[in-house]
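Colleague: sharing a model that was predicted from the sequence below.
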Amino acid sequence: MKSSARQTTPVKIKIAGLNLWYGDNHAVKGIDMAIPANRITALIGPSGCGKSSFLRCINRMNDLIDHVRIDGQVIVDGKNIYDNDVDEIAVRKRIGMVFQQPNPFPKSIYENITYAPLKHGQVRKGRESDALVEASLSSAGLWNEVKDKLHSPGTSLSGGQQQRLCIARAIAVSPDIILMDEPSSALDPISTEKIESLMLELRENYTIVIVTHNMQQAHRTADYTAYFHLGELVEYDETKKLFMNPGQQLTEDYITGRFG
Amino acid sequence: MNNHPFHDPGLKARHRSARLFKWYATASIALTLAFLCFFLFDMGRTAFPALWQTYVKVDVSYSEKTLRLTSKAIDRKYRKIVSRAWLRNIRRQVEVKPELMGHTLSQWVLADDQVDQYMKGHHYNLKVKQIAVVEALKVEGAIEMRWNNIFFARGDSKLPENAGLLSALIGSLLTLGVTMLVAFPLGVMTAVYLEEFARDNTLTRFIEVNINNLAAIPSILFGLLGLAVFINLFGLPRSSPLVGGLTLALMTLPIIIVSARAALRSVPDSIRQAGYGLGLTRVQIVQDHVLPLAMPGILTGSVIGVAQAMGETAPLIIIGMIAFIPDSPTSIVEAATVLPAQIFTWAGLPERAYVEKTAAGIVVILLILFLLNTIAVYLRKKYEIKC
Ligand SMILES: Nc1ncnc2c1ncn2[C@@H]1O[C@H](COP(=O)(O)OP(=O)(O)OP(=O)(O)O)[C@@H](O)[C@H]1O
Ligand SMILES: [Mg+2]
């Protein structure tokens, strides 16, 4: 039943035989999956089933952890990002990430946006940076709220605003793909709503993969949903189909709330 | 009456032991404070007289003869009353002001230390005749106590009335300057390497254990190490602030490393993750996001390390920084002494006048330590970044 989603859009990320071990702990087990471009793909599943571990494989964030072993392929735009001639820094530049806890840099809102693009040489100081700040914050729906205090610290914003700042910061380096690990689980319903409508807007230009514990969120936002269980991909299909008519008993148990 | 629902027979004893515990804690704090107050009061009381010095008004004659034999410049009966150090200085006075030659002038002149001690009511060593002279001067109003500039403006001297703290103070500054210039960058870089770059393996754990052990080594051993390595092996000049500073740097390093690592560890990992997620390199993340957050902690630790180094005497004695230094050093390769070593020297001298100087030196050290701690608090407050 794996990868049964009928893709009508081009595939952005093709994952083949992906395994991950933390020491002896086999946390991600032989995942095959094709993630379509310009769509939102949600990863759901009970706690500890390896969603975050899997997500972090897509931009090689797991390389930073000692004693991690990964095998298999993650092919983005036709190139396996685990090939020897691929630099993980370049991978992470094109595949951005938003975390569960908002984590702005302890710098001004302005510097939060411009720091990485300046380091990557994507913009220059001055007018270019100003334009980038406005564009990124506007895409993240934060511009109107912060345009008068761009030089106050990013940490002075509310939790929901900080999370949108983090999204703006991720967009600023113009990635193709944005990975989000439970981006709204630390937020109130109104901020969550804002993040969700933001994701739907961003879908035009980005491929989004999101981990969520919130069934409604997956239902509302995702085009495709993958259900993970104990490190395995149990079912992967169009969201509507997976929720209305799950093909697997495990999936049905989970979405009807029988466990998890 | 004892059978209401909240009756608990064990509570009474528990309250009693809580009260007792609180009482012990309060008593020990009170005792500590009492000791501290006593120490400070006693130091202050002993040190206070050192701020004043006796001067007498006598006739001084400037001529060929008196320049050759300076003790002839004043009346015979004042010979034991006036400081020999001051008399020696009349040659310099004439050099600066040649028109003094051939004149006899009534001048305020630094008094001998015994006279000074007599005036301060301490133990003194004067003959009856000399006491009579002093009393006569008193009646004439030709003797007075003045603010003791010499103590802060001159170096050490064998004549107590002429002895000051300045050369030791400058020696301390030069030595600590070297210490800081060496220990701060080395310590911070080591901490950054161990915390941010090193993989957790047997080698780094071995280094870690040894750094922690280094902090516990008796300081005198660092002096021996400094003697063996910097002086005997590298041939650096003995007694110099350079060698002293390097030796103290060895001692300060582990303190800086340990506090810098603690500061780096307290920076939330989410900041690093954010950086990696944007495709930044480890160096960029550490330099621009982690270090600024850790800086207040690192600075506080470093200032505490310097404060500790400032009070250190034993290793510096071994490398010869306890020399007699009348003139302030002007570079880090000249012979110098440091404040605690100067105090140690004065404490060992027999003249009564050095007692108050010793105490005053200690008060100066305490004030500097207090200042350093204030700086540490200030830096922490100033550079604290919320995250
Ligand atoms: N850094 C790590 N080192 C060692 N083991 C880890 C690490 N991170 C995760 N694991 C283990 O890998 C397994 C999967 O963890 P993961 O965080 O991917 O789960 P998850 O599905 O994201 O859970 P949650 O929904 O609670 O976030 C768990 O057994 C966890 O203990
Ligand atoms: Mg997770």
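Modeller: Nice, I can see it. Ligands and ions are numbered 1, 2, ... in the order given.
Colleague: what about the strands in chain A?
Modeller: For chain A, the strands defined by DSSP state E cover A:11-22, A:25-36, A:40-44, A:68-76, A:79-80, A:95-98, A:177-181, A:207-211, A:224-229, A:232-238.
Colleague: other residues contacting the first one?
Modeller: Contact with strand A:11-22 is made by A:26-38, A:50, A:53-54, A:57-58, A:62, A:65, A:67-77, A:176-177, A:207, A:209, as judged by CB atoms under 8 Å, 6 or more residues apart in numbering or on different chains. C-beta: built from backbone N, CA, C; applies to glycine.
Colleague: residues touching residue B:335, list them.
Modeller: Applying CB under 8 Å, 6+ apart, one finds that residue B:335 lies in contact with B:237-240, B:320, B:323, B:325, B:329.
Colleague: if you could redo that for residue B:246, that was the one I meant.
Modeller: Contacts of residue B:246 by CB under 8 Å, 6+ apart are B:178-179, B:182, B:226, B:230, B:236.
Colleague: what does chain A put close to chain B?
Modeller: Taking CB under 8 Å from any CB of the partner chain as the contact definition, chain A meets chain B at A:59, A:61, A:64, A:66, A:89-94, A:96-99, A:101, A:103-107, A:115-116, A:119-120, A:153, A:155, A:166, A:169-170, A:173.
Colleague: what subset of those is buried?
Modeller: By neighbour count, with 16 or more other CB atoms under 10 Å in any protein chain shown, the residues of chain A next to chain B hold A:59, A:61, A:89, A:91-94, A:96-99, A:101, A:103-107, A:115-116, A:119-120, A:153, A:155, A:166, A:169-170, A:173 as buried.
Colleague: hmm, back to that, restricted to helices, list the residues of chain A next to chain B.
Modeller: Among those, the members falling in helices (DSSP state H) are A:89-94, A:115-116, A:119, A:166, A:169-170.
Colleague: which two among the residues you listed are spaced furthest apart?
Modeller: Within these, A:90 and A:166 form the most distant pair, 21.0 Å apart (CB to CB).
Colleague: and stretch A:72-85, how far out from the chain middle?
Modeller: When distances are taken as CA atoms, centre = their mean, to the nearest Å, stretch A:72-85 is centred 18 Å away from the chain's centroid.
Colleague: distance between the ends of it?
Modeller: Terminal residues of stretch A:72-85 lie 16 Å apart, using CA to CA, to the nearest Å.
Colleague: what residues of it count as buried?
Modeller: Judged by neighbour count using 16+ other CB under 10 Å, the buried positions of stretch A:72-85 are A:72, A:74-76, A:81-82.
Colleague: low-scoring stretches of the stretch 1-150 of chain A, by residue?
Modeller: Low-confidence segments of the stretch 1-150 of chain A (pLDDT under 70): A:1-8.
Colleague: any idea which residue of it lies closest to chain B?
Modeller: Closest approach between the stretch 1-150 of chain A and chain B, counting by CB to the nearest CB: residue A:93, at 3.0 Å.
Colleague: keep only the contacts of strand A:11-22 that also lie close to ligand 1.
Modeller: Among these, proximity to ligand 1 is found for A:27, A:50, A:53, A:65 (CB under 6 Å from any ligand atom).
Colleague: by neighbour count, which of the residues you listed wins?
Modeller: Among these, the one with the most neighbours (other CB atoms under 10 Å in any protein chain shown) is residue A:50, at 24 neighbours.
Colleague: let me know how buried residue B:40 is, in neighbour terms.
Modeller: Using other CB under 10 Å, residue B:40 has 12 other residues around it.
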